[in-house]
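Chemist: Quick one: sequence plus predicted model below, questions after.
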Amino acid sequence: MTHRLAILAAGLSLASLSAVPRPAAAQAVPAADAAPLAPDSSWVTRCAIYEVNVRDFSPSGTLRGVTAGLARIELSGADVIWLMPIYPVGVVGRKGPLGSPYAVKDYYAINPAFGTAADLHALVRAAHARGLKVILDWVPDHTSPDNPWTTEHPDYYYRDSLGRPEVPHDLQGRPTDWTDTRQLDYHNPAMRSAMIAAMRHWLVTFDLDGFRQDVAHFIPPEFWSEANTELRAAAKRPLLMLAEADNLDLHRAGFDLTYAWPSYALLKAVWKGVPADSFARAELPVVAAMPPGGMRMRFTTNHDETAWDNPPVILFGGSAGARAAYVAEALLPGRPLLYDGQEVESPQKLGLFVKQAIDWNQPRAAVARAFYRRVVTLTRTDSAFLGRDFAVLRTSSPDTVIAYRRGNAAVLVNARNGAVRLTVTGYDVNGMKNLLTHTVQRGDTVSLPAYGAVVLQP
């Protein structure tokens, strides 16, 4: 679900909209109540995620289509498949011809347009056979208006003065534009237990490897401490827990990954002219404040961004700009993400409420895929990009070049559509190898073409 929220007209009284007080914005979980840190796992700490919109990934728009495309995902370098919601979509209030996958009609069923339980079993088995993991997108904040819970358990929902389930509100108490959904009430212990039971069902029945939790910051953090602890215990194996939120406190509630929204926003601002050296400097407090075991998910697009904005190949000024932006973002501390067709630099703007098969036959698709695979592989295999070692580098072109150090590697990215020559202060680059091209840097002056990037290592 997108984090962009609609705002009602100024004169509307919030008091008239809700008969039940809403939980406050997510707060820090007291240390005594925090869930144990996630168990260490090399695949979690070294993973790279590929987000799949089942509708668009293949011409059939099915789980079988995803299974048939597993080799394509492998070629991207990613090793974790994030399946966007696969549940039946509500009909009441549906948006667009197919509705939002985040308007869940039944937490225990598979959208018949996508296939069957047998198809999901087959997909997970085939992925595991290739060494790939599969995580499922979960929607804990709201359901469709025609979800059976609205009639069988009306007390599970926030209700208006007439007792009707309400449209979700944001953390400031303002109604969102998610008019095809109704908001669940986490004050209700029975609803919380039912939600955990539903997640446990999918995790255990289908041998899944974790969850991506939609708008996780809308949910009280103490619920996540409880849920993540129970789910990890039920699985009895390492899991990847991804929160759609940038609240670092959620790591103390058992999440491995949170969204790097501020970094993505600043990256776009740098491409529009904000001084390039501000990008790496902004990461210093984030790295310092990150709780043990926590990581950021790094992206230059996802299903929300491409639905409402433009894909990277357009947003960042063509192929060279898209690749430079990905280097700058993906090599920061954290784990990288690729989204449907990004690795072939598809210019398609994939909507959430329609089916639009990805055109994989893009010009120079093989060259683009090889580039993204190289970057993703660095994040998974090179010790410089594992862990949190991070420092800002000073250059002679601070307005133009993003520059930082990861371990013994220097990342230099030209954020402008014009060539630049620069030196790095206090860092000897002469003789270093460019990990992106396997060429050797000769001399102290680095030459970068328009939207050029190098990753230099001794």
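Modeler: Thanks, I have it.
Chemist: and the closest residue in space to residue 183 that isn't next to it in sequence, how many neighbours?
Modeler: With sequence-adjacent residues excluded and distances taken as C-beta to C-beta, 6 or more residues apart in numbering, residue 183 is closest to residue 168, at 4.0 Å. Every residue, glycine included, has its C-beta placed from N, CA and C. Close neighbours of residue 168, defined as other C-beta atoms under 10 Å, add up to 21.
Chemist: For residue 168, give me the pLDDT.
Modeler: At residue 168, the model reports a pLDDT of 97.
Chemist: Just say helix, strand or coil for residue 437.
Modeler: Secondary structure state of residue 437, per DSSP: H, G, I helix; E, B strand; the rest coil, is coil.
Chemist: quick one: low-confidence parts of the chain?
Modeler: Applying pLDDT under 70 to the chain picks out residues 1-41.
Chemist: Next, the distance between the ends of stretch 255-268.
Modeler: End-to-end distance for stretch 255-268, by C-alpha to C-alpha, to the nearest Å: 27 Å.
Chemist: Residues touching that stretch, excluding its own?
Modeler: 3, 38, 44, 213, 216, 224, 228, 240-248, 250-251, 274, 278-279, 282-283, 286, 293-300, 305, 315, 325, 328-329, 332, 334-335 (C-beta atoms under 8 Å, 6 or more residues apart in numbering).
Chemist: Now which of the residues you listed would you call buried?
Modeler: Among the contacts of stretch 255-268, those buried by neighbour count (16 or more other C-beta atoms under 10 Å) are 38, 44, 213, 216, 224, 228, 240-248, 250-251, 279, 282-283, 286, 293-300, 305, 315, 325, 328-329, 332, 334-335.
Chemist: sorry, back to before: over to the residue nearest to residue 183: give its phi and psi.
Modeler: Torsion angles at residue 168 (phi, psi; degrees, to the nearest 10) stand at phi -60, psi 150.
Chemist: My guess is it contacts residue 219. True?
Modeler: No: the pair residue 168 / residue 219 is not scored as a contact, 11.4 Å apart, by C-beta atoms under 8 Å.
Chemist: Mutual contacts of the two, please.
Modeler: Going by C-beta under 8 Å, 6+ apart, residues that sit against residue 168 and also against residue 219 are residue 141.
Chemist: okay, stretch 242-252 in PDB with CA atoms only?
Modeler: Output of stretch 242-252 as PDB, limited to C-alpha atoms (Å, rounded to 0.1, in the frame of the first residue of the first chain):
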ATOM      1  CA  LEU A 242      10.200  -6.900   6.300                       C
ATOM      2  CA  ALA A 243       8.200  -3.900   7.500                       C
ATOM      3  CA  GLU A 244       6.800  -1.300   5.200                       C
ATOM      4  CA  ALA A 245       7.900   1.500   7.500                       C
ATOM      5  CA  ASP A 246      11.000   3.600   8.200                       C
ATOM      6  CA  ASN A 247      10.500   3.500  12.000                       C
ATOM      7  CA  LEU A 248      13.700   2.100  13.400                       C
ATOM      8  CA  ASP A 249      11.900   1.000  16.600                       C
ATOM      9  CA  LEU A 250      10.200  -1.700  14.600                       C
ATOM     10  CA  HIS A 251      13.600  -3.500  14.500                       C
ATOM     11  CA  ARG A 252      13.200  -3.900  18.200                       C
END
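Chemist: hey, where'd the helices end up in the stretch 101-250 of the chain?
Modeler: Under the criterion DSSP state H, counting those that start in this stretch, the stretch 101-250 of the chain contains helices at 117-129, 149-152, 189-205, 221-235.
Chemist: Can you tell me which of those helices is packed in deepest?
Modeler: Most buried of those, by mean neighbour count (mean count of other C-beta atoms under 10 Å): helix 221-235, with a mean of 20.
Chemist: how much does that helix deviate in direction from helix 189-205?
Modeler: Between helix 221-235 and helix 189-205, the angle comes out at 30 degrees (axes from the mean of the first three to the mean of the last three C-alpha atoms, to 10 degrees).
Chemist: From the chain's centroid, how far away is helix 221-235?
Modeler: Centroid separation for helix 221-235 versus its chain: 20 Å, with C-alpha atoms, centre = their mean, to the nearest Å.
Chemist: How about stretch 140-147?
Modeler: Taking mean C-alpha positions (C-alpha atoms, centre = their mean), stretch 140-147 and its chain are 22 Å apart.
Chemist: From residue 81, how far out is the closest residue to residue 204 other than its chain neighbours?
Modeler: Leaving aside its chain neighbours, residue 204 sits nearest to residue 234 (5.9 Å; criterion: C-beta to C-beta, 6+ apart). To residue 81, residue 234 is 21 Å away according to C-beta to C-beta, to the nearest Å.
Chemist: Isn't residue 348 up against residue 358?
Modeler: Yes: Residue 348 sits in contact with residue 358 when judged by C-beta under 8 Å, with a separation of 6.6 Å.
Chemist: Neighbour count: these two, which is higher?
Modeler: Under the neighbour definition other C-beta under 10 Å, residue 348 and residue 358 were set side by side, and residue 358 has more, 20 against 17.
Chemist: Run through the residues that contact the closest residue to residue 326 other than its chain neighbours.
Modeler: Spatial nearest neighbour of residue 326, excluding adjacent residues (C-beta to C-beta, 6+ apart): residue 300 at 5.2 Å. The contact partners of residue 300, by C-beta under 8 Å, 6+ apart, come to 264, 267, 312, 315, 316, 322, 325, 326, 329, 330, 342.
Chemist: ok so, going back, now do the shared contacts for residue 348 and residue 358.
Modeler: In contact with both residue 348 and residue 358: residue 341, using C-beta under 8 Å, 6+ apart.
Chemist: in which helix or strand would I find residue 296?
Modeler: strand 295-298 (DSSP states H and E).
Chemist: And the helix or strand that that strand is followed by, how far out from the chain middle?
Modeler: Using DSSP H and E, the helix or strand that follows strand 295-298 in sequence is helix 303-308. The chain centroid and the centroid of helix 303-308 are separated by 11 Å under C-alpha atoms, centre = their mean.
Chemist: Then stretch 247-262?
Modeler: So, by C-alpha atoms, centre = their mean, the centroid of stretch 247-262 is 11 Å from its chain's centroid.
Chemist: Give me the distance between the two termini of it.
Modeler: 11 Å.
Chemist: That's all I had, so thanks and see you.
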